[in-house]
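> this one's sequence-less:
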């Protein structure tokens, strides 16, 4: 007879701390022995369709700590939208292996999958408790102050934006404009994070293009020109998904849609750099770190890593305590210094919804972010790096 | 009466340790008081044309240490090829300010500028001693085992290639190919560095495209397919300047040439990613960190930083000792564990020449690097990062 099992899975684009959340689940489930057996789903819900379960009970505390600082999804991730017939197949696998608890880390699509699976199990009379752990560098999940993963990707952008600014400032008699291409789907949270270590007008970003503001080429070029005349160089931060006033993507190339129907947009940085070169006759470069912004271990925010791990622990404890159909929410007390508390929200409140950057976080036009955004984002990225030397 | 002066300048593309070399010069010149006065040239030789000299004698030891860990060129850099009439203008500025020593950090173009300036001063009967400090992330300077800047950019690529590999491996049921676009002009040193932390076939890069090997689309796609069938995903590392068998750049867009006539090539990563998507029907992404690969302070090799600083100290000591017309060379003893020694080579031996990756450092086709390259490159990037957790 097999023991009743917890399975844990990872879904959607990885973050540098998605494994910290897995480590948090294992802190409670393996080290804390809250469940009879613990397995991992290989490539998220696809592992349940393909019957790929990996035993995790043998992991040592040291291995779990190493896992917590490893970027990308150690179990494998996926972007799989389940079809109506798939839920039964997943439940068949769970039944065969005596799986009665599912802990799933992902974004709003994954929370939808969790909720549908929970409902399918209930309808089938199968005893399955489901708990979601939020995860996205995009920070677009609703009903949570922020999502694990965002703080580290935000720290990445906050730091590299200042480094790229030093570089272009030092080359301003030659290279004068740099365009940074940021991830973030239809929300500008990550693009806005490029401004978190900006101290004054010499620091980038000087022009901020978010999906929340329609792109107007004339206004954009004017903003770049104004920055050039003020400082001699210009750092542009753009979301990869900006659209013009007619709703068309600005990116030069789009290459279809992903399995959830989200369009895949590429090369907006190259497009804008070319536009600047041609229209303003200054040398412009594009910088597109792509998956580096979600996998750089050296840029992990210690605040984010600890919160991601605690979110995993919270989910495991709540599952063990009999809760189901919820996602962990990260809560920030309204008053006092920054602190994170952990609650739960019903999955249907989160599934398939997205949170965009509120307008009070954006300065007029493409000028950047506001003080309320800095107050929101600064605690999430952890300690400020040591200041650099600035001669001029 | 003004005192005789040393001026120090920075030239060409910045590196994360070009300021460490400046700090090394200041260790001897300011802290060690080897010269009566020390000034910096704003934006390299352009500062001498435009009479922009910055006094540096007031810097404290602490400020010099902070400078040593600051990326980009703190004095400002340039890419300026002097015309025949410019040398006289530079000498006029030097005469006016009593400049009799020049210490200049740069690549092979900058060493040419140094040599011509030295010759022009000699011809004009003006007493000017000139010393070059090597600097390039491209590692294409001749007559030196390696160049300061390379070790840090190589460390950047060695680390991020493994992080990007973890990311694509964890998403292999969806994203399957990543193309990394590396700097390096016409030499593959930096592209080759992507392999410095590869342990086995699961680790990237799986396909390595250097300027030393002509690009053949059919052979490239076969190499990607072979990697996909072996591991399920594929990491391609490409130099931005690869050319096809007819000598044409593979990049989709070229945008003119720089002031030295070197062509500016962009977006080869996007071009190859599109080729893979279209021909092999798998999702492929491009990653182009651009100037991040030469400005990321967190990826600096401690070996490289110390060598860059010592190279600066060596140049200042040799200038103070009466030497001129040389560049510091970094030498590696043939036997025994890695160690760096510092010598000098005549500027004409270095100026305008470039060193490409020798064929014994490249495996056949696009397969990667050889053991001799690993033996060459590994000591330069400093300590290995802590290993990651790998579940499968």
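Structure received. All values derive from a computational prediction rather than experimental measurement.
> and the longest helix for chain A?
Scanning chain A for the helix with the most residues, using DSSP state H, yields helix A:150-170.
> tell me which strands and helices that helix is in contact with?
If contacts are counted by 3 or more C-beta pairs under 8 Å, 6 or more residues apart in numbering or on different chains; DSSP states H and E, helix A:150-170 sits against strand A:175-182, helix A:189-193, strand A:234-239, helix A:302-320. (Glycine included, C-beta is placed from N, CA and C.)
> Compare those and give me the one nearest chain B.
strand A:175-182 (6.6 Å; C-beta to the nearest C-beta).
> which residues are in contact with that closest one?
The contact list for strand A:175-182 (C-beta atoms under 8 Å, 6 or more residues apart in numbering or on different chains) reads A:157, A:160-161, A:164, A:167-168, A:190-191, A:194, A:204-205, A:224, A:228, A:232-240, A:267-269, A:272-273, A:276, A:280, A:282-289, A:293, B:290-291.
> strands paired with that strand, and their directions?
strand A:234-239 (parallel), strand A:283-287 (parallel) (DSSP bridges).
> from the chain's centre, how far out does the last one sit?
The gap between the average C-alpha position of strand A:283-287 and the chain average comes to 25 Å, counting by C-alpha atoms, centre = their mean, to the nearest Å.
> all strands of chain A, in order?
Secondary structure of chain A, counting by DSSP state E: strands at A:5-10, A:37-41, A:53-55, A:99-106, A:129-134, A:175-182, A:207-209, A:234-239, A:253-257, A:263-266, A:283-287, A:326-331, A:341-346.
> middle-most residue in chain A, spatially?
residue A:137 (1.2 Å; C-alpha atoms, centre = their mean).
> one step back: most tightly packed of the strands paired with strand A:175-182?
Of the strands paired with strand A:175-182, the one with the most neighbours on average (mean count of other C-beta atoms under 10 Å in any protein chain shown) is strand A:234-239, at a mean of 29.
> and the angle for it with helix A:150-170?
150 degrees (axes from the mean of the first three to the mean of the last three C-alpha atoms, to 10 degrees).
> Stretch A:29-39 and chain B in contact?
No - applying C-beta under 8 Å from any C-beta of the partner chain, one finds stretch A:29-39 separated from chain B by no less than 11.9 Å.
> Report the buried residues of that stretch.
For stretch A:29-39, the neighbour count (16 or more other C-beta atoms under 10 Å in any protein chain shown) marks A:29-30, A:34-35, A:37-39 as buried.
> Residue A:54: which of the helices and strands packed on helix A:150-170 is closest?
helix A:302-320 (16.8 Å; C-beta to C-beta).
> Tabulate the strands of chain A in TSV, adding columns for mean pLDDT.
As requested, the strands of chain A are exported to TSV (pLDDT from 0 to 100):
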stretch	mean pLDDT
strand A:5-10	98
strand A:37-41	98
strand A:53-55	96
strand A:99-106	98
strand A:129-134	98
strand A:175-182	96
strand A:207-209	98
strand A:234-239	98
strand A:253-257	51
strand A:263-266	61
strand A:283-287	94
strand A:326-331	98
strand A:341-346	98
